[in-house]
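J.: Provide a 3D model corresponding to the input given below.
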Amino acid sequence: MYSKFRIVAITSIIVCSVSVFYAYAKPKLNLNKLLQYVGVKYDNTAQKRVKAWRNIVDTSQGLTDKQKLEKVNRFFNLFDFVNDIDHWGKEDYWATPIEFIGTKAGDCEDFSVAKYFTLLELGVPIEKLRLTYVKAVKLNQFHMVLAYYPKPKSIPMILDNIDGKIKPAHKRKDLIPIFSFNGQKLWLNKQKGKGQVVGGSERIDNWDNLSKRYQLDEFME
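T.: Okay, the predicted model is just below:
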């Protein structure tokens, strides 16, 4: 029979071997392939923006959530706001992060979506992130922001392209929450930081369409 020590040792070897296997087996983004695609579809300045984006993803993995939020929010808020009809020739178009970075422009949904997917890549748990539709009081129009929840029932921090400083929702009195969602659920918001689950995010057609279009698989090694 194996001694307890030997069983522990063998188990440790197996765990380490499996971990190493998955570390090597995990697909990696082929940056050159992505840059070639972006260069053909857009231009060389778009390639530079993609490099800067991927540099953030590659160098920010070990940062705290707060640092990740600040870095990603600051990067994308450098982009230009352009209405969908002027930019895409459509009344309501949700761009993928690559389309947004490629053109360096978009509307509030595009800012929020790019931040959302980038933070997911940086390891921020999906349950902490919600794309949130609000009423922008001063602008008297609907608007989208990205909300980060440190804890499930806490007041979220708001990442916004209108106000570049990340603030807790209760300090954004210019925003009235309507509904929010992520890749899993859809919430109907009644108060700042709170909401009632009313279904899955696939109920939102624009989100469902975007999720199907944004696939990095074709750029993986």
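
J.: got phi/psi on residue 40?
T.: As for residue 40, its main-chain torsions (degrees, to the nearest 10) stand at phi -70, psi -40.

J.: tell me how many other residues surround it.
T.: Using other C-beta atoms under 10 Å, residue 40 has 9 neighbouring residues. In this view, the C-beta of every residue, glycine as well, is placed from N, C-alpha and C.

J.: how far away is it from residue 50?
T.: According to C-beta to C-beta, to the nearest Å, residue 40 and residue 50 sit 12 Å apart.

J.: which residues are in contact with residue 100?
T.: Shown here is residue 100, whose contacts under the criterion C-beta atoms under 8 Å, 6 or more residues apart in numbering are 76, 79, 106, 110, 111, 113, 114.

J.: pull the most distant pair out of the residues you listed.
T.: With distance counted by C-beta to C-beta, no two of the contacts of residue 100 lie farther apart than 79 and 113, which are 12.1 Å apart.

J.: so for the two, which residue has more residues nearby?
T.: With other C-beta under 10 Å as the criterion, residue 79 and residue 113 differ in neighbour count, and residue 113 comes out ahead with 26 against 18.

J.: ok, that one - contacts?
T.: With C-beta under 8 Å, 6+ apart as the criterion, the residues that contact residue 113 are 94, 95, 96, 97, 100, 131, 210.

J.: and if you look at residue 157?
T.: If a contact means C-beta under 8 Å, 6+ apart, then residue 157 has 69, 147, 148, 150, 166, 167, 168, 169 as its contacts.

J.: how many other residues sit next to residue 94?
T.: Residues lying near residue 94 (other C-beta under 10 Å) number 26.

J.: hang on, isn't it packed against residue 210?
T.: Yes. Contact criterion C-beta atoms under 8 Å: residue 94 and residue 210 qualify, at 4.5 Å.

J.: does residue 46 lie in a helix or a strand, and which?
T.: Under the criterion of DSSP states H and E, residue 46 resides in helix 44-59.

J.: roughly how far is that helix from the heart of the chain?
T.: In terms of C-alpha atoms, centre = their mean, to the nearest Å, the gap separating the centre of helix 44-59 from the centre of its chain is 15 Å.

J.: which helices and strands sit right next to that helix?
T.: In terms of contact count using 3 or more C-beta pairs under 8 Å, 6 or more residues apart in numbering; DSSP states H and E, helix 44-59 is assigned the packing partners helix 31-41, helix 65-76, helix 97-103, helix 108-121.

J.: pLDDT on the helix or strand just after the second one, on average?
T.: By that I understand helix 65-76. Sequence order places strand 80-81 as the next helix or strand after helix 65-76, per DSSP H and E. pLDDT averaged over strand 80-81 equals 98, rounded to a whole number.

J.: cool, and stretch 186-199?
T.: Stretch 186-199 carries an average pLDDT of 54.

J.: do stretch 165-173 as well
T.: Rounded mean pLDDT across stretch 165-173 is 96.

J.: go through it and flag the buried ones.
T.: Neighbour counts over stretch 165-173 (16 or more other C-beta atoms under 10 Å) mark 166, 169, 172 as buried.

J.: closest one of those residues to residue 127?
T.: When the buried residues of stretch 165-173 are compared for distance to residue 127 (C-beta to C-beta), residue 169 wins out at 16.9 Å.

J.: give the buried subset of the contacts of residue 113 as a PyMOL selection command.
T.: Once 16+ other C-beta under 10 Å is used to decide burial, the buried members of these can be selected in PyMOL as follows:
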select buried, resi 94+95+96+97+100+131+210
